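[1] Show me how the following folds:
(chains A and B)
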Amino acid sequence: MQQKLSLYNTLTRKKEVFEPLHAPFVGMYVCGPTVYGEPHLGHARSAVTFDTLYRYLRQLHYKVRYVRNITDVGHLVNDADEGEDKIQKKAKLEHLEPMEVVQHYTNIYHQDMDRLNVLSPDIEPRASGHIIEQIEMIQEILDNGLAYVVNGSVYFDVPAYHKEHNYGKLSGRVIEDLLSNSRTLDGQDEKRSPLDFALWKKAAPSHIMRWPSPWSDGFPGWHLECSAMSRKYLGTTFDIHGGGLDLMFPHHECEIAQSQASHNHSDAARYWVHNNMITVNGQKMGKSLGNFINLRELFEGNHELLTDKYSPMTIRFFILQAHYRSTLDFSNEALQAARKGYMKLMNGLRVLDKLPYPDEAVTPDEKLNDELLKLAQDCYRGLNDDLNTARTIAALFNLLKKINSLYLGQLAIGSLTRGTYDTVWNTYRELVQEVLGLQEEPTADLENMLDLVLSFYKEAKETKAYDKVDAIRAELKKQGIVIKDLKTGIDWAYEE
RNA sequence: GGUAACGUGGCCGAGUGGCUAGGCUCAGCUCUGCAAAAGCUGCUACAGCGGUUCGAAUCCGCUCGUUACCUCCA
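    Numbers count the residues shown, from 1 in each chain, chains lettered A, B, ... in the order given. Model prediction:
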C-alpha cells in the first residue's frame, strides 16, 4: 500500500496531502525560462524538479496536463519608462530580430532539457502568442475597478486590491512594510503607489516588440502572461503552480492578485510549489551575480570551476540527490560524487536484468522477504513526503545493496517469493527510470570497441584459430558490421 | 531596515523528541594472477550557551555565523 503524496504548499506554509480538484485530472503550471540567454544549472533544477513531480503524478495514474511557458515577450530591465526590453536589448546587440533571439535560445533550452531527460510539457505556450488573452484579462481587472490607465499604460492598483484581498498572502509580505521600504525607482511617476505594477506598458518609439491594444501600442506587463495562459489551458482554478523560489515575490504574488482581481476570483492554483536555488560557495547562482554555470559548460567541462565534463544524467542525479526545497551547493567535488552515485544506480539496473527469477523450487526466507519489501516501501515513502528524492535515492541504495548481495550469491535468490521479487525489481526499475528519469548513458565508443575486436580477429587469424575467426565474423554480422580482409590490412564496414 | 530561511562528520546531503539516512572520500578485510566491481567492517556529526523533558541533533530562548527575498532572475 502506498501512502498519499504530500506537497509543501507555500500558500499555507505547510505540507498538505495532495488531492486534485477533479481527479483523476491534474493541472500543473510551471514558470519556464525567459529565452534571452543560455540555460544554466538553475533552469535545470526547476525543470528537473517539476519533471520529476510530473513523472510521479503520472505514475500514480493521474491524467496530468503539464503547462510550462516560454517567456518571449521580455520583461523590462527595470521599472523605468525608458527601460529596455531584455530580449530587445539582446537583439540590438547582436543585430538580430527579437524573434530570432527567442527562437535561438528556445532551441537550446529544448535540446538541453532533452539531454537531461526532462519530458516535454503537454502545452508550452508563448507569451507572444497570447497577447489577446492578456488584453482580455487586463480589461477584466479594469472592469473590476482594480487597475487604472495612465498615458496608455495600465497599472494594477495594489492598495485598492488590498482593501478586500490580501496582497502578500503567498510571500508573507506585509503591505505596510513594503510601502515603507520600497525603493525610489525612476519612472514611477505614473504609478499611484510604488507597489502598483504594470499590466500593460505603452511602448516607446524605439521599442520594436509591440502590439496594439485598447490603451496603446505596447506590450504586456511582467506577470500577466502566466495568469492569462494558465487560465486558458487549465481553468480559473487548477491544482499545482510551480517555479523557483525567487519567483515567489513579486511574480507569483502578482499572479494571485491578478487572478483574484480578474473574473477568476481565485488564487489560480491550490498548491503553490517552489524549488530552492543552486548556490556556489554558499551564494545563489544567478544572472545578476554572474556566477552561473551554463549547462553546456557542464556537459563539455568548459568552465574554470570544473576539472571534468559532467554528463546530463550526472547533473540530473546531482539535482535529485538533494530535496528540492533545500539550497544545493555546487562544486566540482560534489559533481564527482554525483557521477559515481549515478553510475552505481545504473550498474544496479544492469544487475537486475541479469538476475531472472529462478525456475526451480524456492524456499522462502520470511525475514529476508520482509526486509526487502520494507526497503522497497521506503523508496516510495521518501517520494510521498513532499517529493523527497534524496530519501528515495538513499532507500534505493539500501535496496541495491541487497540486490548486489543476491547477485554475488551472498543471499540466495531462491529465498525470495515471486511477489517479493516482482515488487523489488519493479520498484527499482520504475523509480530509477520512470520517476527519477535516470537512464543509461552509453560510454563505450563504437570505433574503439571495433578496433579492439579487430585486434582479436587479427590475432586469431595469425594463430589460424579459424573457429574464433568465424565466430567473430558471425557476431559482428549480427550487428550489421562486416570485416574486410584487405591486402593493406583489416578494416570493417557497415553491411550493405 | 523589513520578512523568511539555514548552520549536520573530510565533501555533498537526508532526518527530526528515544531506532544505521544515503552517496563520495579515507583505512582495513573478503574475493582476486594483477586490478576493478561488489559485499563486510571501521573513522571523523549534529554552530555555541542556557532551558523544557526520563531522554534533544530534533522543542523553546539567547548568542554567533551564513544566505535568500524586498529589483529581472529557476
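
[2] care to break chain A down by domain?
    Domain ranges of chain A: A:6-275, A:280-435, A:446-494, per automatic domain parsing.

[3] so which of the ones you listed is the most packed in?
    domain A:6-275 (a mean of 19; mean count of other Cβ atoms under 10 Å). For every residue, glycine as well, the C-beta is placed using N, CA and C.

[4] Return the residues of the stretch 301-450 of chain A in contact with RNA strand B.
    For the stretch 301-450 of chain A, the contact set with RNA strand B under Cβ under 7 Å from any atom of the strand comprises A:321-323, A:326-329, A:331, A:333-334, A:336-338, A:340-341, A:344, A:347, A:382, A:385-386, A:388, A:390-391, A:393-394, A:397-398, A:400-401, A:404-405, A:407-408, A:410.

[5] pLDDT weak spots in the stretch 151-300 of chain A?
    A:181-188 (pLDDT under 70).

[6] Might you name the residue of it sitting closest to RNA strand B?
    Closest approach of the stretch 151-300 of chain A to RNA strand B (Cβ to the nearest atom of the strand) occurs at residue A:244, with a separation of 2.0 Å.

[7] I figured that residue hits residue A:273, correct?
    No - checked against Cβ atoms under 8 Å, the pair residue A:244 and residue A:273 is beyond contact range at 10.5 Å.

[8] and residue A:237, what is it in contact with?
    Taking Cβ atoms under 8 Å, 6 or more residues apart in numbering, we find residue A:237 in contact with A:21, A:264, A:266-270.

[9] if we go to 10 Å?
    A:21, A:27, A:230-231, A:259, A:264-270 (Cβ atoms under 10 Å, 6 or more residues apart in numbering).

[10] Convert stretch A:342-350 to CSV, retaining C-alpha atoms only.
    In CSV, the C-alpha atoms belonging to stretch A:342-350 read as follows (Å, rounded to 0.1, in the frame of the first residue of the first chain):
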residue,chain,number,x,y,z
TYR,A,342,24.7,7.8,-10.7
MET,A,343,26.9,5.0,-12.1
LYS,A,344,26.2,2.9,-9.1
LEU,A,345,22.5,3.2,-9.7
MET,A,346,22.9,2.3,-13.4
ASN,A,347,25.0,-0.7,-12.5
GLY,A,348,22.1,-1.8,-10.3
LEU,A,349,19.8,-1.7,-13.3
ARG,A,350,22.1,-4.0,-15.2
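
[11] Inside strands: which ones of the residues of the stretch 301-450 of chain A next to RNA strand B?
    Among those, the members falling in strands (DSSP state E) are A:328-329.

[12] what sits against residue A:478?
    residue A:495.

[13] Next one: it, what pLDDT does it get?
    Here the pLDDT value assigned to residue A:478 is 93.

[14] where's it relative to residue A:42, distance?
    According to Cβ to Cβ, to the nearest Å, residue A:478 stands 46 Å off from residue A:42.

[15] what do you get for residue A:99?
    According to Cβ to Cβ, residue A:99 stands 25 Å off from residue A:42.

[16] one step back: looking at the contacts of residue A:237, which are in helices?
    Residues of the contacts of residue A:237 located in helices (DSSP state H): A:230-231, A:259.

[17] which residues in the stretch 1-150 of chain A form helices?
    Taking DSSP state H, counting those that start in this stretch as the test, the helices found in the stretch 1-150 of chain A are A:41-59, A:86-94, A:98-115, A:131-143.

[18] of all these, which has the lowest average per-residue confidence?
    helix A:86-94 (a mean of 76).

[19] Counting by contacts, list what that helix packs against.
    helix A:98-115 (3 or more Cβ pairs under 10 Å, 6 or more residues apart in numbering; DSSP states H and E).

[20] The helix it packs on versus helix A:86-94: what angle between them?
    Angle of helix A:98-115 versus helix A:86-94, following axes from the mean of the first three to the mean of the last three Cα atoms, to 10 degrees, is 110 degrees.

[21] and helix A:98-115, C-alpha only, in CSV?
    Taking Å, rounded to 0.1, in the frame of the first residue of the first chain, the C-alpha atoms of helix A:98-115 are listed here in CSV:
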residue,chain,number,x,y,z
PRO,A,98,13.9,39.7,-31.5
MET,A,99,12.0,36.5,-32.5
GLU,A,100,15.3,35.2,-33.9
VAL,A,101,16.9,35.6,-30.5
VAL,A,102,13.9,33.9,-28.9
GLN,A,103,14.0,31.0,-31.2
HIS,A,104,17.7,30.5,-30.8
TYR,A,105,17.6,30.3,-27.1
THR,A,106,14.3,28.3,-27.1
ASN,A,107,16.0,25.7,-29.3
ILE,A,108,19.0,25.5,-26.9
TYR,A,109,16.7,25.2,-23.9
HIS,A,110,14.8,22.3,-25.6
GLN,A,111,18.0,20.5,-26.5
ASP,A,112,19.4,20.8,-23.0
MET,A,113,16.2,19.7,-21.4
ASP,A,114,16.1,16.7,-23.7
ARG,A,115,19.5,15.7,-22.7
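
[22] Next one: it, is it in contact with RNA strand B?
    No - Helix A:98-115 stays clear of RNA strand B (Cβ under 7 Å from any atom of the strand), getting no nearer than 9.8 Å.

[23] who does that helix touch, helix- and strand-wise?
    helix A:41-59, helix A:86-94, helix A:295-300, helix A:312-320.

[24] which residues touch the second one?
    By Cβ under 10 Å, 6+ apart, the residues outside helix A:86-94 that reach it are A:34-37, A:71-77, A:83-85, A:96-102, A:104-105, A:128, A:203, A:206-210, A:219.

[25] next one: that helix to chain centre, how far?
    26 Å (Cα atoms, centre = their mean, to the nearest Å).

[26] Okay, angle between the biggest helix by length in chain A and helix A:312-320 too, please.
    Identified as the longest helix of chain A according to DSSP H is helix A:332-354. Put simply, helix A:332-354 runs at 110 degrees to helix A:312-320, going by the same axes, to 10 degrees.

[27] Quick one: distance of helix A:332-354 to the chain centre.
    Worked out by Cα atoms, centre = their mean, helix A:332-354 lies 21 Å from the chain centre.

[28] Could you tell me how far the nearest residue to residue A:56 once chain neighbours are set aside is located from residue A:92?
    Leaving aside its sequence neighbours, residue A:56 sits nearest to residue A:435 (Cβ to Cβ, 6 or more residues apart in numbering; 5.1 Å). Distance, residue A:435 to residue A:92, using Cβ to Cβ: 44 Å.

[29] for residue A:394, same thing?
    In terms of Cβ to Cβ, residue A:394 sits 50 Å off from residue A:92.

[30] Below-threshold pLDDT in the stretch 351-496 of chain A: ranges please.
    For the stretch 351-496 of chain A, no range has pLDDT under 70.

[31] Could I get the full set of helices for it?
    A:366-384, A:389-408, A:418-429, A:446-462, A:466-478.

[32] Does anything pack onto the first one? Which helices or strands?
    This means helix A:366-384. Counting by 3+ Cβ pairs under 10 Å, 6+ apart, helix A:366-384 packs on helix A:41-59, helix A:389-408, helix A:418-429.

[33] circling back: could you redo the helices of the stretch 351-496 of chain A as TSV and give each row distance to residue A:118?
    Output for the helices of the stretch 351-496 of chain A, formatted as TSV (distance: least, Cβ to Cβ, whole Å):
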stretch	distance to residue A:118
helix A:366-384	18
helix A:389-408	14
helix A:418-429	20
helix A:446-462	27
helix A:466-478	35
